[in-house]
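# Sequence and predicted structure, then a few things I'm wondering about:
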Amino acid sequence: MGADIFEFKPGGPPADDKNRGRDGAGPDGSEFSRTGRDPGPGAGDGGGLLVWRGELTTRAALRVRSLFLALPPLMWVTLLLLLPCVLLFALSFATRGEYGQIVPEPSLENYSRLAGFSLFGWQPAFFLILVRSFVVATVTTVACALLAYPLTFHIATRPRRARVCWLILIVVPFWTNVVVRAYAWLLILGPAMPPARALAWMGVIPEGGSLYPGNLAVYLGMVSTFLPFMALPLYASVERINWEILEAARDLYGSKWSVFMEGILPQTRPGLAVGVIVTFIPSMAMFVVTDILGGAKTMLIGNFIQQQFTQARDWPFGAALSMSLMAMTLVCMAVFRRHNAGDNESFLSRF
Amino acid sequence: MNQIDNGLSCFGVSKAFGGHRALSNVDLSVEKGEIYAILGPSGCGKTTLLRIIAGLELPDKGRVFLGSRELTRLPASQRPVNMVFQSYALFPHLNVHDNVAFGLRAKKVSDREVKARVADILELMQMGGLETRRPHELSGGQKQRVALARALVNEPEILLLDEPMSALDAHLRGQVQDELRSLQKRLGTTFVLVTHDQNEAKMLSNKLAIMDGGEMVQFGPTQQVYSKPQTTFVAEFLGASKKNIIDARHLSDMSYSTPFGVMDFHEKPAWDIGKMLIWPDRIEIHEEARPAVADESGNWFEATVYDPVFNGQGLDLHLLRSPDDSFTGGAVSVKARTSKYLTEGQRVAVRFPPENIVPLDKYSLS
């Protein structure tokens, strides 16, 4: 904010001091030297008039106002994000008591369990869960991106009124809870419904079988949940595309691939980056959809953490798992950011 | 159909967008090595025609040829034609060198040749040393040079320019026009440019076509179109003032009655009542009374100078038929341009040379 303040510095003494001078002492030597002096820390801020975006105000007033405006979000972030994170971090070093209670005895046991060391020697079970979660999140994100490109281009090339209708259609799923939508998929993929019956008829699945639980059901649920998160930011970029650049690429003998790589991708990169971030992060931690549609077959980090806090009643280990998930997600985002940072510095500087 | 060797020809090109007819039955023939300007008001279909030539738009009807080779259904990426876009459409994520190299790389030209040809064209465009700049670090004039270089490096048979000067500052335009002309002379590439600015068309082109409402209204060598516009629309579009477009009515033989008086025409128009044009700089003005030597049939009139304005070289002024006219609403006057020094209210003798009177279209009530 500071860079945008155009400060107004009158040559003479500040306005309110001038008034005081007229009322009281008058411009005698001592008075004049007091106001003419470089204003001290408090006095200068109170008296220094400045124009900020057309508004005549003082630095102190601006500071009070910006603090006032920033206070609610600051409190929100502190109470609901920072504090729980700190608590969770502290919790991850505690140990589980006999009955599932938290014993405040600092130990690194949770992290050594996390690394695979247990009473029975080293097992990579946890790594497999983490890798599987990463794969699911990556496949979901890539599938969403692949679906969102044609979708957003289709919408962006419709007449204005139709575009609004399409966007509403994308947003509509948000009106329904994720759990409800996951159960809707159960119904659709059930043994009595056409998809399962068609596949059973073709002999792909046994007669009377259903299409869940399994990878197909999980990915269908994940992609349908996260597609709007990818499509909306991408649409914002696609809508602003300069089509002449695509035409220039074609005019300069560009193939379809190079038109995409040199014409479309650089222009939609900001939207794609936001889409990837808001799709990848929650899909790493997703457990509702995978739980309902994946059954017990596919244990993901989200489900695993949820289990620690519920069935297993091992909060300290759950906290340690959460920390590892957060670390993994941050690493992924850092890698993504570095790969994406070649262009569009202006956009990424906002992250 | 008569096709010119390696020239560009369009036959009966039509295009509609929704219900709007952008082009109807347009013919165009451009000879190799010309600078051909297509001039018209915005929405007249000139850009659509250019885009059809580039392959960025498919005509509903009609055919496009380059020499004897038909381009009509050839994709843009396979035409030996390159375009300089109005917004330049430089690739924002590529630097100057990579922008210019784009076409050559797409054509799988070897890296060494790409390097040499890009360096050559940037040298020619006086852009050497700016290879690593990105488009957003360039000025308007520099962007235009990059756009030109990016198209010309492919050695196209035809270079298409869409409003090439519109994004430039006024003081840059004259310079860029000179550069474009000398560039064209050096390379011999055919230039087809589209503009709504008659000055630009006049300064750049050696052939000119004027379009209105999706139709070709008049075309020919630039000088000829300027000296002999055929309709009021063309005359006004080429900068003629309404004051210089005068109603005329046939009297006898070559004599026509005009609000200014009876005038002799050199060229007999096809109508009895219609409009004529005389360019301001083609009116002769004599400071004294009418010279005795003057030829009797020469359209001499007495007139009063009104509102003279210095235009940089001489004066732009109005010639009033009678001194009283300045006070009445319907002043009969024409605009004139002279290098003489004249003052307001001065009585002068003026001559409308018959050979410089251009008959325009037939009088219509609209």
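Good, I have the coordinates.
# and the gap between the residue nearest to B:H250 when sequence neighbours are not counted and chain A?
Leaving aside its sequence neighbours, B:H250 sits nearest to B:D272 (CB to CB, 6 or more residues apart in numbering or on different chains; 4.3 Å). Placement of C-beta: from N, CA and C, glycine included. The spacing between B:D272 and chain A, counted by CB to the nearest CB, to the nearest Å, is 50 Å.
# Wait, B:D272 touches B:A248, no?
No. Using CB atoms under 8 Å as the test, B:D272 is too far from B:A248 to be in contact (9.3 Å).
# Can you identify each of the strands in chain A by residue range?
A:49-52, A:55-58, A:95-96, A:102-103, A:117-118, A:121-122 (DSSP state E).
# ugh, typo on my part, it should be the stretch 151-300 of chain B
Assigned by DSSP state E, counting those that start in this stretch, the stretch 151-300 of chain B shows strands spanning B:158-162, B:190-195, B:207-212, B:215-221, B:245-252, B:255-258, B:261-264, B:273-277, B:284-286, B:300-310.
# give me the number of residues near A:I168?
9 (other CB atoms under 10 Å in any protein chain shown).
# cool, A:V180 as well?
So A:V180, with other CB under 10 Å, has 9 neighbours.
# ditto for the one 10 residues further on
Other residues lying near A:G190 total 14 when counted by other CB under 10 Å.
# what sits against the nearest residue to B:K228 once chain neighbours are set aside?
Nearest residue to B:K228 in three dimensions, chain neighbours excluded: B:V358, at 5.7 Å (CB to CB, 6+ apart). When contacts are counted by CB atoms under 8 Å, 6 or more residues apart in numbering or on different chains, B:V358 touches B:227-229, B:235, B:276-279.
# just B:S77 next, same as before
Shown in contact with B:S77 (CB under 8 Å, 6+ apart): A:250-255, B:55, B:106.
# Could you do A:L187 as well?
Contacts of A:L187 (CB under 8 Å, 6+ apart): A:M193.
# if I look at the closest residue in space to B:L71 that isn't next to it in sequence, how far off is chain A?
Excluding the flanking residues, the one nearest B:L71 by CB to CB, 6+ apart is B:V64, at 4.6 Å. Per CB to the nearest CB, B:V64 is found 15 Å from chain A.
# so B:V64, which of the three states?
strand (DSSP: H, G, I helix; E, B strand; the rest coil).
# so it touches B:L50, yeah?
No. Using CB under 8 Å, B:V64 is not in contact with B:L50, being 11.3 Å away.
# Just want to know which of those two has more residues nearby.
It is B:V64, of B:V64 and B:L50, that has more neighbours when counted by other CB under 10 Å, with 24 against 21.
# Check the gap between the more buried one and B:L94 for me.
Separation of B:V64 from B:L94 (CB to CB, to the nearest Å) stands at 30 Å.
# which stretches of chain B have low pLDDT?
Scanning chain B for pLDDT under 70 picks out the ranges B:1-5, B:289-297, B:322-332, B:365-366.
# now the helices for it?
B:46-54, B:96-106, B:111-124, B:140-152, B:170-187, B:198-204, B:222-227, B:232-237 (DSSP state H).
# possible to save these as JSON lines with distance to A:Q307?
JSON lines is the format used below for the helices of chain B (distance: least, CB to CB, whole Å):
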{"stretch": "helix B:46-54", "distance to A:Q307": "62"}
{"stretch": "helix B:96-106", "distance to A:Q307": "52"}
{"stretch": "helix B:111-124", "distance to A:Q307": "57"}
{"stretch": "helix B:140-152", "distance to A:Q307": "59"}
{"stretch": "helix B:170-187", "distance to A:Q307": "70"}
{"stretch": "helix B:198-204", "distance to A:Q307": "74"}
{"stretch": "helix B:222-227", "distance to A:Q307": "83"}
{"stretch": "helix B:232-237", "distance to A:Q307": "79"}
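# In CSV: the ones you listed, plus distance to chain A.
Below are these laid out as CSV (distance: least, CB to the nearest CB, whole Å):
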stretch, distance to chain A
helix B:46-54, 6
helix B:96-106, 4
helix B:111-124, 13
helix B:140-152, 7
helix B:170-187, 18
helix B:198-204, 20
helix B:222-227, 27
helix B:232-237, 27
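# B:L320 and B:F301 touch, don't they?
No. With contact defined as CB under 8 Å, B:L320 and B:F301 do not form a contacting pair (10.5 Å).
# low-scoring pLDDT stretches of the stretch 151-300 of chain A, where are they?
Using pLDDT under 70, the flagged stretches of the stretch 151-300 of chain A are A:296-298.
# tell me which residues in stretch B:127-140 are buried?
For stretch B:127-140, the neighbour count (16 or more other CB atoms under 10 Å in any protein chain shown) marks B:127, B:130-131, B:133-135, B:138 as buried.
# I appreciate the help and will end here.
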